[in-house]
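Peer 1: Take a look and give me a structure for this.
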Amino acid sequence: MKSGHSPELMVLLQVCTINLSADRKSKLVNYIAEYPLNWERLYTLATWHRLTPFLYRTLQDVPDIPEGFLTRIQNDCRLSAADTLLKLHEYHQVATLLTKYGIEHMAYKGVFFAKNCYPDSSLRVCGDIDILIGTKDAPKAIRLLQLHKYHLNQLHTSYWNYDNHSLLDDLPEVSLFKPFFGHHFDIDLHWSIVCFNKHYKSFQLSDSLSHPTFATELHIVLLVTHHGLTNLWQRIYYINDLYFLLNDKVIDWTWLLQTLRQHGLEKVFLMGLLWCHQIWELPLPDSVKALVDGNNLKSLLVVCERKWEENQAIEGSNLVVKQLIFFTKAQTQFNKLLKIYGTFLTSRVFRASIFKIGKRMIYIPENWGFITIFIRATRSLYRFTLSPSGVNPAREQGK
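Peer 2: Below is the predicted model of the structure:
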């Protein structure tokens, strides 16, 4: 295992296993005996990285673990397993509804991995229910879900009320929620999976439907896009998703690597592969292993692994800048660098926005071009120079 991590993170990396071998158990027991753990920090990190099911599964067979700690994570695992089952059931209900009305779709991210990849769905802690549909079907799907007790959030309601076409052009997805016994189900309905920004590359449902023989490979591309590039491999369960998507699968490595290389994602993927090999001992074909070993990944790996010690995500403008830096460092082709910088600038200049003024939401469409720049500049000037309290009465709500 890698050194330089805290004892708590090292334990989390070691519990990423399905069947704890005698040798691995012995090493874990000796490690915990040698390096006293901060149990509260271990709990916080396990929750953040969504590894509590793996932690409990492993530590219940390890001696001298505080009983209160085991009971705490056991209760969390029970709640998480029930939550995942409820979300899988709700997904099946929604999928049946979409199919009934002729709306093509596929599960994406959490529910897909829990249902199709992990050996036990309870091992995959799920967040929102993510569903990918065709762009032309998006308005129909939204209306259908609204008829079945789902509601758009405030931001997406503003787009929806303004113009359906603007919503489809300006956004890649909408979020809907349905109350459920004091809680709620959340659905992210996607019609476009954005790679870096929509000017760079967007994946559609048609990409998957037109290549049915490469279904697994296309899921890997989407995973690398979301987990690797959009979220910068910030959480360890992203690595686990990749492992279970690859494990025991027949992969067309030539097609997969060529597709990833085409979009500048190859190095981002190779980072995930290296972690799968190190953490899960994923076997790799010799030609792929040579690519992993031959690329200089160390500097990129160190930056991502440093983030694993924290328990909060990079957000907002800071995330956008870090995505730009990370993506450019992961390139080996000059033309890809030009495209990254070019689309970064255009995506930040020409974009739709929604502003909240009092209780009213004001929508500024992307096709207003440079006017949107002056509106955002005026808003920023007002916030930073005319509002001494630092409270912005016209806070931008959109992208």
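Peer 1: And the strands in this structure?
Peer 2: When assigned using DSSP state E, the strands of the chain occupy the ranges 105-108, 129-133, 151-152, 173-180, 183-190, 193-195, 201-203, 353-357, 360-364.
Peer 1: Deepest-packed of those, please.
Peer 2: By mean neighbour count, with neighbours taken as mean count of other C-beta atoms under 10 Å, strand 129-133 ranks first of the strands of the chain at a mean of 23. For the C-beta atoms, the positions are set from N, CA and C on the backbone; glycine is no exception.
Peer 1: Run me through the strand neighbours of it, direction for each.
Peer 2: In the sheet containing strand 129-133, the strands it pairs with under DSSP bridges are strand 105-108 (antiparallel), strand 183-190 (parallel).
Peer 1: Pull the CA coordinates from that strand and hand them back as CSV.
Peer 2: As requested, the backbone C-alpha atoms of strand 129-133 are provided in CSV (Å, rounded to 0.1, in the frame of the first residue of the first chain):
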residue,chain,number,x,y,z
ILE,A,129,-31.3,8.5,-8.9
ASP,A,130,-29.6,9.3,-12.2
ILE,A,131,-31.4,8.5,-15.4
LEU,A,132,-30.2,9.3,-19.0
ILE,A,133,-32.8,10.0,-21.6
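Peer 1: angle of that strand against strand 173-180?
Peer 2: Orientation check (axes from the mean of the first three to the mean of the last three C-alpha atoms, to 10 degrees): strand 129-133 against strand 173-180 gives 140 degrees.
Peer 1: returning to what we had before: can you list the strands paired with strand 129-133 in CSV and add mean pLDDT and distance to residue 98?
Peer 2: Output for the strands paired with strand 129-133, formatted as CSV (pLDDT from 0 to 100; distance: least, C-beta to C-beta, whole Å):
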stretch, mean pLDDT, distance to residue 98
strand 105-108, 96, 5
strand 183-190, 95, 10
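Peer 1: quick one, which of those is nearest to residue 64?
Peer 2: Taking C-beta to C-beta as the measure, the strands paired with strand 129-133 were each checked against residue 64, and strand 183-190 came out nearest at 36.6 Å.
Peer 1: who does the lengthiest helix in the chain touch, helix- and strand-wise?
Peer 2: As far as residue count goes, and with DSSP state H defining each element, the longest helix of the chain is helix 67-100. Secondary-structure packing of helix 67-100 (3 or more C-beta pairs under 8 Å, 6 or more residues apart in numbering; DSSP states H and E): helix 39-48, helix 52-59, strand 105-108, helix 110-116, strand 129-133, helix 138-147, strand 183-190.
Peer 1: Dump the ones you listed to CSV, plus distance to residue 251.
Peer 2: Below are the helices and strands packed on helix 67-100 laid out as CSV (distance: least, C-beta to C-beta, whole Å):
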stretch, distance to residue 251
helix 39-48, 30
helix 52-59, 24
strand 105-108, 19
helix 110-116, 15
strand 129-133, 21
helix 138-147, 31
strand 183-190, 24
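Peer 1: Of these, which is nearest residue 216?
Peer 2: For the helices and strands packed on helix 67-100, the distance to residue 216 is smallest for helix 110-116, at 9.6 Å, taking C-beta to C-beta.
Peer 1: Against which helices or strands is that closest one packed?
Peer 2: Contacting helix 110-116 under the criterion 3+ C-beta pairs under 8 Å, 6+ apart are the following elements: helix 67-100, strand 105-108, strand 129-133, helix 236-246.
Peer 1: rerun at 6 Å
Peer 2: Under the contact criterion of 3 or more C-beta pairs under 6 Å, 6 or more residues apart in numbering; DSSP states H and E, helix 110-116 touches helix 67-100.
Peer 1: Just the mean pLDDT for the helix it packs on, thanks.
Peer 2: When pLDDT is averaged along helix 67-100, the result is 97.
Peer 1: Which positions in that helix come out as buried?
Peer 2: Of the residues in helix 67-100, those scored as buried under the neighbour-count criterion (16 or more other C-beta atoms under 10 Å) are 69, 73, 76-77, 80-81, 84, 87-88, 90-91, 94-95, 97-98.
Peer 1: Now do the longest helix of the chain against helix 39-48, angle only.
Peer 2: Using the same axes, to 10 degrees: helix 67-100 against helix 39-48 is 10 degrees.
Peer 1: Now do helix 67-100: distance to the chain's middle.
Peer 2: The gap between where helix 67-100 is centred and where its chain is centred comes out at 18 Å by C-alpha atoms, centre = their mean, to the nearest Å.
Peer 1: Identify, from the buried residues of helix 67-100, the entry nearest to residue 278.
Peer 2: The closest of the buried residues of helix 67-100 to residue 278 turns out to be residue 73 (C-beta to C-beta; 24.4 Å).
Peer 1: Apart from its neighbours in sequence, what residue is nearest that closest one?
Peer 2: residue 56 (4.6 Å; C-beta to C-beta, 6 or more residues apart in numbering).
Peer 1: The one you found against residue 72, yeah?
Peer 2: No. Under the contact definition of C-beta atoms under 6 Å, residue 56 does not touch residue 72, with a separation of 9.4 Å.
Peer 1: Can you give me the domain assignment for this protein?
Peer 2: Following automatic domain parsing, the chain resolves into domains at 7-65, 84-133+135-190, 213-333, 350-399.
Peer 1: Would you reformat the ones you listed as a markdown table and include distance to residue 201?
Peer 2: Putting these into a markdown table (distance: least, C-beta to C-beta, whole Å) gives the following:
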| stretch | distance to residue 201 |
| --- | --- |
| domain 7-65 | 27 |
| domain 84-133+135-190 | 12 |
| domain 213-333 | 5 |
| domain 350-399 | 17 |
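Peer 1: can you tell which of those domains is closest to residue 199?
Peer 2: Counting by C-beta to C-beta, and looking across all of the domains of the chain, nearest comes domain 350-399 at 8.5 Å.
Peer 1: residue ranges for the helices of the stretch 151-300 of the chain, please.
Peer 2: If DSSP state H, counting those that start in this stretch is used as the criterion, the helices of the stretch 151-300 of the chain fall at 154-162, 164-170, 205-209, 215-223, 236-246, 253-262, 266-280, 286-294, 298-307.
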